[in-house]
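>>> Sequence and predicted structure are below.
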Amino acid sequence: MPIIVNLNVMMAKRKVSLNELSERVDLTLSNLSILKTGKAKAIRFSTLEAICRALDCQPADILEYVNDK
């Protein structure tokens, strides 16, 4: 998939655990884990906004496009 999710990188930079982020953005651990491992097929803008607010980052810090070619 050409979209790479770098949520784990931002969490490490901000020293935030999955449990802590889950509480901050009001998402289940399983949903955050799916997103963190890159298995998610979609993300709501409201979820992305909440994650960016909690981690004090931009969407481009979390999502990256990589050309498959």
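Sure thing, it's come through.

>>> which residues in this protein form helices?
Counting by DSSP state H, the segments of the chain that form helices are 7-14, 18-25, 29-36, 45-55, 59-62.

>>> Format those helices as a markdown table; extra columns: mean pLDDT.
A markdown table is the format used below for the helices of the chain (pLDDT from 0 to 100):
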| stretch | mean pLDDT |
| --- | --- |
| helix 7-14 | 96 |
| helix 18-25 | 96 |
| helix 29-36 | 94 |
| helix 45-55 | 96 |
| helix 59-62 | 96 |
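
>>> K69: which of these is closest?
helix 59-62 (21.1 Å; Cβ to Cβ). Every C-beta, even on glycine, is put in place using the N, C-alpha and C of the backbone.

>>> which outside residues touch that closest one?
With contact meaning Cβ atoms under 8 Å, 6 or more residues apart in numbering, helix 59-62 is reached by V5, N6, L7, M10, L48, I51, C52, L55.

>>> Out of these, which comes closest to G38?
The nearest member of the contacts of helix 59-62 to G38, counting by Cβ to Cβ, is V5 at 4.7 Å.

>>> burial measure for K13, as a count.
Applying other Cβ atoms under 10 Å, we find 13 other residues in the vicinity of K13.

>>> List the residues that contact the nearest residue to I4 once chain neighbours are set aside.
With sequence-adjacent residues excluded and distances taken as Cβ to Cβ, 6 or more residues apart in numbering, I4 is closest to E64, at 4.4 Å. With contact set as Cβ under 8 Å, 6+ apart, E64 has these partners: I3, I4, V5, N6.

>>> Could you check the pLDDT of E64?
At E64 the predicted local distance difference test score is 94.

>>> V25 contacts L48, correct?
No: with contact defined as Cβ atoms under 8 Å, V25 does not count as touching L48 (9.8 Å).
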